[in-house]
Structures are given as structure tokens and as C-alpha cells.
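Visitor: task: produce atomic coordinates for the following.
(2 chains)
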Amino acid sequence: MALKIVKGSIDRMFDKNLQDLVRGIRNHKEDEAKYISTCIDEIKQELKQDNIAVKANAVCKLTYLQMLGYDVSWAAFNIVEVMSSSKFTYKRIGYLAASQCFHESTDVIMLTTNQIRKDLSSPNQYDTGVALTGLSCFVTPDLARDLANDIMTLVSHGDCVKRKRCSVLIMYKVFLKYPESLRPAFPRLKEKLEDPDPGVQSAAVNVICELARRNPKNYLSLAPLFFKLMTSSTNNWVLIKIIKLFGALTPLEPRLGKKLIEPLTNLIHSTSAMSLLYECVNTVIAGQYCSSVGSVVLCVQKLRILIEDSDQNLKYLGLLAMSKILKTHPKSVQSHKDLILQCLDDKDESIRLRALDLLYGMVSKKNLMEIVKKLMLHVDKAEGTTYRDELLTKIIDICSQSNYQYITNFEWSVSQPVTPHPPGISVSWWTIRVFAVAQMATLLDNAHLLTGSMQRNGICEVLYAAAWICGEFSEHLENPLQTLEAMLRPKVATLPGHIQAVYVQNAAKLFATVLKSQEGNTDSTTAQETSQLMIDRLPLFVQSANLEVQERASCILQLVKYIQKLQQKDVEVAEEVIALFAGELNPVAPKAQKKVPVPEGLDLDAWINEPPSESESEDEQPKAIFAKEEPKHSRPRHTEVDEKELARRREARKQEQANNPFYIKASPSSQKVYQDAPGVEHIPVVQIDLSVPLKVPGLPMSDQYVKLEEERRQKERAEKKKKEKKKRKEKRSGRGKKHDSGPESEEDITPAHMVDIVTEEMPENALPSDDDDKDPNDPHKILSLHFFGPFQVVVSVIFENKCDSFLKSMEFNVLDSLNSKLQRPEGSGPHDGLTVPFQLPPGVSNEARFVFTVQSIVMPQKLKGTLTFIVKDSSTHEKLDFKLHFTCTSYLITTPCYSDAFAKLLESGDLKGSSVRLEGVNMPFHHLLARICFHHHFSVVERIDSCASMYSRSIQGHHVCLLVKTSGQTVSIDAKCDEPTLLGNVLDEIKQTFSQC
Amino acid sequence: MIKAILIFNNHGKPRLIRFYQYFAEDMQQQIIRETFHLVSKRDDNVCNFLEGGSLIGGSDYKLIYRHYATLYFVFCVDSSESELGILDLIQVFVETLDKCFENVCELDLIFHMDKVHYILQEVVMGGMVLETNMNEIVAQVEVQNRMEKSESLVGSVAKNGHVTFPT
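Guide: As a prediction, the model looks like this:
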């Protein structure tokens, strides 16, 4: 009883506690602000008291008011007072308030340093915990600097797990505010990655992940450690963090990506936690530039499962990740079109928006109409304006993507009410003009619907195009008079000015057409009525505020008035009027200007007159138009630069890797990865490469080598001159991607004759210009260019003068085939040779490079060529014939592939099979495999006894899979590839390799 | 990193706010309003992720939320956090509240904002996840509550002059 009384008096002493305050506020809903201001006054009184309990209670209430949006920073000093209470209860209140309202410019914060230090070293771990929690929210650079050491002490000597965990976490905040502390603290932090307590470990992972996100490069060195953690940890939180970190690291280090695929795919297969699965997939996607197609296929399959799930969250994330894959592997995503279209019907707007994003990348010529039709249905159904706007934007984006490359049926396109119709389409596609004009006329007729129901900015732009089309191609109109009438309706005046201007101008064109059609008609009333219509309606536009409209309208009005006068005198005017707009506008290819040959003696760059003064040059608008045109002779030779640049970069990178002690794995070849796998370690891939003699007769192109050699000898005998070409081919794909994953040894024996296949990066040729494709009148259009081709192949030829005479004026020429062409300088004919840019003294060799364009890589090519030269002593012209052999093998790139990815690939059913049998092969199986690897650029996926699966990839991304079996002297190769022609040729080449040994 | 944790009710009244980077009070209120505006118009059967808020952290900013009866629990995070992981964390947090308050309801949060903060402090520290195991969290909270109780006991003993035991 006594206690109760005392407690009561204490309670009364605290006028109101937090609960009372809350209750009070709830009871004063009408005058909440007023009530709170009285409460604040009370709090101020309480804070003036000496009793720490009263103060703490007041601070606690302030924390609540802070949440409601009241600035309580005026009580900062009192908060510090409460923080320094020796009682945990009050200390906790103080630190909570501080963490809610202290920030860097709170000046009393500097008073807290010593108090915090005391709390950090307090024997009571909860005091420390409370201090650390508070500090994590309001740490300033000064606090970080002053307390860094104390925190480090806690990290390394903390006896209690909780304290350790908190102090590890807070290190991140300290690093942020006081970066100098990072270097000395890092070793300790790294140590904590292997702390026995999973909580401390997880905290360290957390901190390092945050650090690495800001600067991933510096943390590559920790990758092996993280790799170990990833394979050993069972804590999903830790795993997720590590996997996310790897996602940030892989783009910097492709080898890491390769190494990760296996553990990641294992996790993908084994984990039941969706969050973990999703992050694994995400990281595989992040490293997809170097990961195999198989793993991407696996990811897409897993994502499909997510998207099909009834959980909206999984669905959303699945689509999100899918859009990342879409950027690099559009094909794998496209096969799930059905599913994504289904998501458009989802009730969740976020999901629909995600699905829309994906659609953009999935459109092809085949499915465009279907997709847009579906989207149009959605536009009709859409309720929210944001979503409808998004839909319309997407439809327009989808249609106009890459300059209408996917639109095959323009008739369909012009019948869609929302697609934009730049007049350009109708100009280019004269075949559909008639149709377009009819459509546009209907559109103009119903313009009031369009403007009435949708006052959206973009939508009336279509009228601009429609009016122009109807005017320009008015001869195709069925009823020009009706259209003319529609264009002169008073409502037109509500349209934007630039559209009105087009209306007026094109009304005149229509007028001319009407006059023309009425010519010869004995009854001239229609013609006169039309003139009257013009005269009646045009004044409306003459009054327009828009200058352009006004000017055009008054011009035309006067013209029509004059015509009317002539009509009344029965003068035939139609011819003259139509002459105003004579001349059909034909499509002009964008490159046409460039292709007009410059007449001899005309120097476009030379000044015709003296250069005008500065002020005048501003008015020289027309000049600017021509200045934009690129002089055609200045087309840069990018390939060579690229080639050199590539080599330089590769060299630099190797150097960097060699010097970088943190470099993950100095594996000399990608094959090394496989040596870890059971069953294949005894395949001495690397060593074998070295043992293969340079001029082994089994080389695929040896036949031509032999022929060349024979030819050479004949010449030699006849003329006592020799030249030799050693050849071997080596290919490398361009695109700036470095494929130095091939065995080092292969590079060491870099052959005399190199074929570099460089997918072009030149702006002119990079993508076959759509406009070229579209313009049927363009005489310069050669062939319809495929999406991938043509490729540029750089051939390095080594010329060696083996005779005793000086050779000069060498000319290299090749007879082009349809598929492969030697690139010659602009202006030279298709049979002209190329001058070799050097002379050869006796016994000297030198290298020249020639660029070829190759349309298709699925077939091997043999090009006949000749080399002409002058022997200096005798001044005689000599000739040497040779053949260049582009094998299909030379377009294959050694690409590693994991067995599960390989299996997926085979299961996918996209590949077509073929097989070949080799008889009488007398060599150990691993030699045989090594030979295929070396000569034909395959890698071994898996080997079991006398059976092995192998994989390679063409520079165009064709997969080539082999299953090699041996029994006795017979070798059977079952092969699969998505391009049967390529496969057949590769198999033939393999067969040839072995028939010659 | 978790940038902020907001709990508000179906009318947008804040029940707990915890920012891990500094915003002035009026800005905090604006963020709460905007966040409420974003999440409140979403049906319960749609996904729990939201992009498009602009106030915290610019473009690298996502809202992950759960809606329980009358309360929204919203975590504002950047891309270093796993979406599904945070969803699980919210669940853990709410289950912990449920355990600590015995069938938690909005009123518990209204009257014991400080206690909710103390529980949250055991889950997230300075924007980083500290503990995800509910039993661990509850154990930590209970130890500290006991300490608080014993301190108040000592206090009343000192004031009263008698040794008493809690009933």
C-alpha cells in the first residue's frame, strides 16, 4: 500500500508520460496543434527540472512529437543530458531521441564524444549496444575520427558477440564519415569474414558488400574468400549479400563470371528459398557476357517459373530480371512471348508495366501485328490515364522502333489510329500510297472525333501528316471535293497552327485537283462552286493568329479569287493551277546525296568567293546543309585501327593482370577450368598444343598450302624467284570483346598468315541501314543485307622474298566471289588489284593486311588470286597465282560450355543433327580430342571413357555440339548445330583433318 | 542499405518513422505523405514492390512494403538489398512485435512507439540488417526489458526506503 502511494506521487510528478500524451492528442482531434503546443510548453518546464527521470520522460515525449513532424532540435542539450544518465532506461531514451533528431549540424553533438566513448567501453554490453545503435544514426566526421579506435578495439577484443556484431556494422558508417580509417581497419574487417559467429560474419559481409558497391574494383581481391563463403555458408542472408556482391564484381572480371556459373547453377537447382534463387539468377545475368548460353537458358526457365507463380511478387521480379536478359539474349526471352502477353492481362499495374517493357524488345516482323492488336484492345479497356498513356507510348515506340524495321505491312500500319505517320512512310512506300490516301481521307473526315475525344498532344499530329498526304497525292483520292470540304471546316481553326498551315496549303493542292477533274466538263458549276467554297472558307484562316497560316491563306485566297474571275470568263485554268504543285515527290535515299559523283574539277570545300565576314556567315544557312554531308572519300578505315587498338588493349590488360596481385586466377587458359572436372584432367590440352608442329600436314588449309607450294616451285624453277606464304589461320571475333581465353600456346605460335574476323564497328556499315532496305528505287542497293552480315575479315599475308632480286610494285588481287569480296578503295573497279605498300629486298619478309567482306559464314570459301610484281634487276613483270581458303572452322571460337548448359542446349530442340564416321584413325583418344580442339576450336564439355562431348560457337553465335565416340580405329561423330550447312562444312573439315594423318 | 523504415496506418498517420539518413522534419513528413500516397492506392493482391518514389536516394530507390490490417510497413531500400529478403524481414519484424506485445495491434504501436523502436533496433542497425532470427531478437529485447524493470525497482526502493518485491 505504501508503495502504491509513493508510486502514485512519482507518477504525478511526471505530469504526463508518453501514453498520456498520445491519449491527449487523440482526444483533441479538433485542436491538435493547440494541444500539442501546450504539451511542448509543459515539456519545456519538465526539462528545466533537475530530476533525470522527469527529463527522460520529457525527451521520450519529444521523440513522439518529432515523429509527428515537430522540430525538437531545441532540446538537443537535454537529450545529451539524458544520454549521459548512468541508468540504462534513461540512456536508452536519450540515445533514441538523439538518433531521431541529431545530424551533422547539431552543435551539441561534439559534447557527446566522451560520453559515447565511456558507453562503448562500459562493462554493460547493453550500454554499448545502445550507444552503437545511436551512433550509427548520427555519427559525424568528428565523432568517426575520435571514436574509430574505440570501435576497432571492440571489433577485435569484443568478448560479447552482440557487441562485436554491432561494432562491425558501425564500421561502415565510420568509413563513410572518416575514410582514412578504412585502410588500417580493413585487415580486421577481412578477418571477421571468417569469424566463428555467423552473426559477426554476416555483419562483416554486409559491410564489405556496401563498401564494394561504391568501388567494386578494390574488392576483387576478396573474391576467393567470398567464393569460399558462398560455397560453405548456409545462411541465406549472407548468401544473398555475397551473390549480390558478385553481381557487381563479374562485369569487372569475366573469369570470375565463368567460375561462378557452376556454384550458382548448383544453388539455383538446390535452393528452396525464392529470394536466393532470384539473386542467383540475377548474378548469372550480370555475368552473362561471359557465361554460356546454357546458363542463360536455365535462368530464363527459372524466371518463367517465377512469372507463372501465383505470387505477384515473384511474377514482378521474374519480369524484372527477364528484361535484363532481354538486352543481351533477346532470343531466349522471345520464346516466352505467350507468357509475357498473358501478364498484360494481369490485374496488377506494376506487372503490366513490366510486361510492356519486355514487349518492346520482343517485337519482330512476324509478331508485330499480333502484339499491337493486343495492345490496342488494352487501350480500350484501360482505366487509369497513366497506364493508357504508357500503353500508347509503348505502341508507338514498338512500331517506330529502329525506323519501322519490323513493319512489314504498311497498309496495316496506316489503318491503326494511333501509329504516327511521318509523311516519309507514304513517300517511300509508293505502293501503298493509294491505300494510305484513302485511309487519310477518312481520317480527315472524322477528324472531329479524333480531336474531340482525345485532346492529347500527340494525337492531332496525325492530322498534320494526313492532310499532307491527301494534298500531295490528291490524284488518288476518290472524292477530292469531299476531302477539301473536310479540310476547310471551321473546326480546323482549333487545331495547332502548324497543322492549320498544312491544311491550308494542301487545300490548295486539292483545289487544283478538283479543277483538273472538272476540266472539259461542259457544266462548270462544280468548279465554280469549289472556288466559291475556297473563297468562303479561307478568310477564317486569313484571320489566324499564326503567321504561317495567315500568310498562306491570304496568298491562296487571292489566287482563288483570280481563278474565279478567269472561270467566269470561261478560261481554262486547271493546267496552270496544277502546275503550281507539279512534280511528284519521289523517295530519296538518305545516302543519295553522298552517292552523287562529284564532277571533276569541282572542289566543294574551296571557297567560290572570298570567305564572308563573321557577321555574314550567320546568314549562310544553305551552306550548313551541305556541310553536314560527309565527303565520301574521307570514310575512315576503322578496321585497322580497331585491330591495333584491340591488340594494344589486350596487351595492356595482360600486363595489368600480371601486375595485379589480386587478380583472381592467373589461369593460362580457359581449359584449365575443366581440368578440375573429374574425367578430363588427363587431357593435356595445353601441352598437346605445343607439341603440334607448326606446319602439321593435317591442317585444314594445308591443301591450298600444298598447291601454293607447288605453284611456287613451278615458278621458282621457271623464274628462279621464290616467294613463300606460310599460312595458318587464326580467328578472333571483334566487337571489342577480348577472346584471349584460347590457349596461350596457340597465341605463342601465332602463324604467318592470320585471318581476323572482325564484326564491323564502323558507323557506316555497322547496321545495314534500314533506309537502304526500304527504298526500292535506290540504285545503290546491292543485296538485302542480313541482320548479322556482312562481316569483315582481315587477312594478314606475309610476303617473303626468297630470291636474290629486289621486288617492287607488288599488286595483290583476288577474284571476288558472291560471298566474299576484297575491299577495295572507293572508286576502284571490282577487278582492280591492291598495291602492296612496300617493296621487298632479297631475303626480307613483310606483312600486309587485306580486308574482305564476308556475307555468310556457313560455307567455306576458296578465292583465287594473283600477285603481280616487278623484278627490279630485269624490270620484268612477274605473276604468282595463289588461293585463299576461308574455312568454316576459322569462324568458330573456342567457347567453354558446362555440361548442364550443354545438356539444356541439346534438349532445347533448336539444333539439327548430322553425323560423320572416320575410319582408320590410329591415335589415342585424348590426342584425337586435342586435335579437334586445336584445329577446329572446340572445347571438351565432358569426357567419359571413349566418349566425349565437345562444344564450339561461331562468331555469329551458332552453337556447334559434338558427341565423339571411338571404338577401335573407328571414330563416330554425332553433331548438332542450329545451322545445318555450317555443321556439314565443319564436319567435312574435321574429316579432312583426320584423313591426312 | 535500408534508407528508411516507415510505419503508418490506413489513413497515413505515422506510427513509427526511422530514417537512416538525415532529413529535416518537414521533409520527413513529405516523404511519409508521398509514400502513403503511393502505397495506399494499391490493391492488396498486387505485388509489394514499388519504384518511382523520388524523395530518398534518387533513382536507386525502391519501396518494399507489407500491409497488415490497419498498418503499412514500408521499407525504403536501395539496390543492394534483396527484394524478397526485405519482405521476409518485414515479416520477421511483425512477428517479433506480435510476440513482444502478445497479439500486436495498431494501439500497441500508438502507445508504445518507444518500445517498437527498441525492437526495431535489434533488427536493423544504421540501415543494415543486424539479426533476422526472431527468437534471438525477442531474447535481446527481453533481457533489456528486464534490465529496465530492475532499474525501476531499485529506483522505487531508494525512494521508499523499504525493500519491496514486484507483485
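Visitor: taking chain B, what residue is nearest to chain A?
Guide: In chain B, no residue comes nearer to chain A than B:Gly126, which is 2.8 Å away by Cβ to the nearest Cβ. Where C-beta positions appear, they are placed from N, C-alpha and C, glycine not excepted.
Visitor: need the three-state assignment for the spatially most central residue of chain B.
Guide: In chain B, the residue lying closest to the centroid (Cα atoms, centre = their mean) is B:Leu120, at 5.1 Å. Judged by DSSP: H, G, I helix; E, B strand; the rest coil, the three-state class of B:Leu120 is helix.
Visitor: just the strands in chain B please.
Guide: Along chain B, the segments classed as strands by DSSP state E run B:2-9, B:14-19, B:49-51, B:62-68, B:71-77, B:124-125, B:128-129.
Visitor: for those, which has the smallest mean pLDDT value?
Guide: Mean pLDDT per stretch puts strand B:49-51 lowest among the strands of chain B, at a mean of 83.
Visitor: related to what we said a few turns ago, check contacts around the residue nearest to the centre of chain B.
Guide: B:Leu120 sits next to B:5, B:16, B:18, B:93 when contact means Cβ atoms under 8 Å, 6 or more residues apart in numbering or on different chains.
Visitor: mind checking pLDDT for the residue of chain B closest to chain A?
Guide: 91.
Visitor: what helix or strand does the nearest residue to it once chain neighbours are set aside sit in?
Guide: Closest residue in space to B:Gly126, ignoring its immediate chain neighbours: A:Ser136 at 2.8 Å, by Cβ to Cβ, 6 or more residues apart in numbering or on different chains. Remark: A:Ser136 resides in helix A:125-138, with elements defined by DSSP states H and E.
Visitor: could I get the buried residue list for that helix?
Guide: A:125-138 (16 or more other Cβ atoms under 10 Å in any protein chain shown).
Visitor: can you check stretch A:526-533 too?
Guide: A:527, A:530-531, A:533.
Visitor: who are the contact partners of the residue of chain A found nearest chain B?
Guide: Taking Cβ to the nearest Cβ as the measure, chain A has A:Ser136 as its residue closest to chain B, at 2.8 Å. Taking Cβ under 8 Å, 6+ apart, we find A:Ser136 in contact with A:99, A:166, A:169-170, A:173, B:125-127.
Visitor: for these, name the two members farthest from one another.
Guide: Greatest spatial distance among these (Cβ to Cβ): A:Ser99 and A:Leu169, at 14.2 Å.
Visitor: which non-adjacent residue is nearest residue 99?
Guide: By default, I'm working from chain A. A:Ser99 sits nearest to A:Cys137 (Cβ to Cβ, 6+ apart), 3.7 Å away.
Visitor: ah, I was thinking of chain B
Guide: B:Val138 (5.4 Å).
Visitor: OK, contacts around that neighbour?
Guide: B:96, B:99-100.
Visitor: re the thing from before, now, which of the buried residues of stretch A:526-533 sits nearest A:Gln992?
Guide: The closest of the buried residues of stretch A:526-533, once distances to A:Gln992 are taken by Cβ to Cβ, is A:Thr530, at 79.0 Å.
Visitor: now the two most distant members of the buried residues of stretch A:526-533.
Guide: A:Ala527 and A:Leu533 (10.7 Å).
Visitor: which ones are touching B:Ile90?
Guide: Contacts for B:Ile90 (Cβ under 8 Å, 6+ apart) come out as B:64-66, B:73, B:75.
Visitor: distance of it relative to B:Tyr65?
Guide: Separation of B:Ile90 from B:Tyr65 (Cβ to Cβ, to the nearest Å): 8 Å.
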